[in-house]
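Peer 1: only geometry, no sequence info:
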């Protein structure tokens, strides 16, 4: 049997274990390697933290998390949410930060570590592309509201507008305050003009006073003015997904502006987008704090907050609650989307990614809970206004951000000013996430084809923006909101759980958890990795997190029911389109396994040997810079594992492993030595 050390000698240049050296300190050593030293990097570490926070803290913290609490029994939802954070969110967040930082590559090319899992990267990018399309439409709604706020009186105040219906809630209060009542035909009639019989019929006293026995005949049908503005003016929504009703040109222009902003933020690379995050990641907290103060002064806020924090333990028996908690963690932390791998790929090699993996998730989840207090204080007020229980107030998803909050803003003095601030906050929240989502797609494409696209980044982002806008036009038709909801329900639901599961299997088992730990060791040092509590991470990566995700997936499939848009049920053909979206994000995984299996074909090898080749790291795998590759190789050697890639630069490694034809599996050649493939039928070195 070939000795493991024999293989390592062929690929590792023995150097004394040395501290990591940054690109700026060794520029002259790598002038011949433009590909590896030319990658953008953050101007400051704070830019990375704010970018992660801006990516994670998005519109979902304002509408998705409160809505899930609302639909899953309030405070009961916090229990599975925290558990999913501990056993799924945090481990995957750290895994992705360490993975991207180590190799300085996007979510597709990073799978040089385990080539057979490359389809996971393509799936992540596909999900990110689908989400960036409809997410920018939600930002479009925000821009529309922002422009509508530049007025002396907010358009969603009162019930005298063309888009209001007879069921507008303020019609009743205005009628009562004006000395009248609403009759059974929905008409406001003056009490002074009523006959004695009419007063008796409507339970009024003989002198015309309203008694407790009188109730609004349309009480159950009342809607807030902000609801009617959203549905009948902003969306002008049709009766179904098949009735598009034409493009809303105002929304089409706002969508164009949204894509233009994204293009400008990304056109100059990660340094400029990092500067944008100083504002987009911090401004929302100021406005949320102000809204919380205002919400606590509104009548009914106690009931709303009580509904938020009071757990209904019986709902924990419902698998949907646990599935929603797991998916929300992925939404909230943006895990398994590929964005965290992308952001961390611009880090310095020796950045403390473990510290970052603790700071950002904790801040993000506290923000979600903080936003929950804000919105539930307002939901309590809405329930009081409508005379309904809190759980019956709103049946929209992201409509919460465009119904509940505008209703609260309308109650503030100088309401247009507060409305501008609020929708500026929503805009910055949305852009913080959208910029990173689009950057993930752009980086993945460029990293796959660096020779052709590395110096043409502006064209790549331009093409993405144009395609996103053209597809987005479907979503800004009068029936487009149904498409937004359909994409939200299907595009990134349990697919994220599958990607998280594949990451754990790919890096924890196929790549080898001990190898991955030593990858992290080479970046953050022995002190943190050898600390006893660090074992929490590999235990989760290899066992607990996959078990939790498998459990949630299983119960999700068992209890699955077709999604709806409120009370509207999608037709069968819409569900077919939804499943096609799911398939488009998942088929990459088996596709690349088949591709790698065919590449490993050889007459003299067994299926097990072909499987070993499929999971063997490419020569280009490893840190971007030669000095860090050699340092990582020495760390692996010292702790009994193999780095997997060449200690030379990626450019040199590719050329070393690119003969006229790919060598046969098991051949005694440089490709086999670099990759640790067994030569002449010998056993491969352990890489766990």
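Peer 2: It's in. Nothing here was measured: the structure is a model prediction, and the numbers come from that model.
Peer 1: This protein: strands as residue ranges?
Peer 2: 180-182, 188-190, 564-565, 568-569 (DSSP state E).
Peer 1: Out of those, flag the one nearest residue 634.
Peer 2: strand 564-565 (56.9 Å; CB to CB). Heads up, the C-betas are built off the backbone N, CA and C, glycines and all.
Peer 1: what pLDDT, on average, does that closest one get?
Peer 2: Strand 564-565 shows a mean pLDDT of 90.
Peer 1: okay if I get the strands of the chain as TSV plus distance to residue 43?
Peer 2: As requested, the strands of the chain are exported to TSV (distance: least, CB to CB, whole Å):
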stretch	distance to residue 43
strand 180-182	61
strand 188-190	62
strand 564-565	43
strand 568-569	47
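Peer 1: out of the ones you listed, deepest packed?
Peer 2: Greatest average neighbour count among these goes to strand 180-182 (a mean of 21), per mean count of other CB atoms under 10 Å.
Peer 1: Residues contacting it, please?
Peer 2: 171-172, 175, 188-191, 202, 204, 210, 214, 216-218 (CB atoms under 8 Å, 6 or more residues apart in numbering).
Peer 1: Equivalent analysis for stretch 460-473, please.
Peer 2: Applying CB under 8 Å, 6+ apart, the set of residues contacting stretch 460-473 from outside is 129, 132-134, 136-137, 140, 247, 252, 255-256, 259-260, 262-263, 266-267, 438, 441-442, 445-446, 453.
Peer 1: buried stuff in that stretch?
Peer 2: With burial defined by 16 or more other CB atoms under 10 Å, the residues of stretch 460-473 counted as buried are 460, 461, 464, 465, 468, 469, 472, 473.
Peer 1: separation between the fourth one and residue 280?
Peer 2: When distance is defined by CB to CB, to the nearest Å, residue 465 is 18 Å away from residue 280.
Peer 1: low-scoring pLDDT stretches of the stretch 301-450 of the chain, where are they?
Peer 2: 386, 393-399 (pLDDT under 70).
Peer 1: Show the low-confidence segments of this protein, by residue range.
Peer 2: In the chain (pLDDT under 70), the answer is 1-38, 211-213, 386, 393-399, 603, 649-688.
Peer 1: Return the distance of residue 428 relative to residue 50.
Peer 2: With CB to CB as the criterion, residue 428 and residue 50 are 12 Å apart.
Peer 1: Have a look at these two and say which one is more surrounded.
Peer 2: Neighbour count, other CB atoms under 10 Å: between residue 428 and residue 50, residue 50 has more, with 24 against 21.
Peer 1: Let me know whether that one touches residue 278 as I believe.
Peer 2: Yes - the pair residue 50 / residue 278 is scored as a contact, 6.3 Å apart, by CB atoms under 8 Å.
Peer 1: number of nearby residues for the closest residue to residue 248 other than its chain neighbours?
Peer 2: Once flanking residues are discounted, residue 248 sits nearest to residue 476: 5.5 Å by CB to CB, 6 or more residues apart in numbering. If you count neighbours by other CB under 10 Å, residue 476 ends up with 26.
Peer 1: likewise residue 303?
Peer 2: 18.
Peer 1: which residues sit in contact with it?
Peer 2: Residue 303 touches 380, 383, 384, 390, counting by CB under 8 Å, 6+ apart.
Peer 1: cutoff 6 Å now
Peer 2: 380, 390 (CB atoms under 6 Å, 6 or more residues apart in numbering).
Peer 1: One more: residue 190?
Peer 2: The neighbourhood of residue 190, defined by CB under 6 Å, 6+ apart, consists of 179, 180.
Peer 1: That one pairs with what?
Peer 2: residue 180 (DSSP bridges).
Peer 1: Distance of it relative to residue 219?
Peer 2: From residue 190 to residue 219 the distance is 21 Å (CB to CB).
Peer 1: returning to what we had before: thought the residue nearest to residue 248 was touching residue 256?
Peer 2: No - Residue 476 is beyond contact range of residue 256, at 9.9 Å (criterion: CB atoms under 6 Å).
Peer 1: Distance of the residue of the chain most remote from its centre relative to residue 64?
Peer 2: In the chain, the greatest distance from the average C-alpha position (CA atoms, centre = their mean) is reached by residue 196, at 62.1 Å. For residue 196, the distance to residue 64 equals 54 Å [CB to CB].
Peer 1: Nearest spatial neighbour of residue 431, chain-adjacent residues omitted?
Peer 2: Nearest to residue 431 is residue 280, by CB to CB, 6+ apart, at 5.6 Å.
Peer 1: next one: residue 353
Peer 2: Using CB to CB, 6+ apart, the nearest residue to residue 353 is residue 97, at 4.3 Å.
Peer 1: So what's the residue count around the one you found?
Peer 2: Going by other CB under 10 Å, the residues that sit close to residue 97 add up to 26.
Peer 1: hang on, the earlier thing: can you list phi and psi of the nearest residue to the residue farthest from the centre of the chain once chain neighbours are set aside for me?
Peer 2: Counting by CB to CB, 6+ apart, residue 196 lies nearest to residue 206, which is 6.9 Å off, once chain neighbours are set aside. With angles defined as degrees, to the nearest 10, residue 206 sits at phi -60, psi -30.
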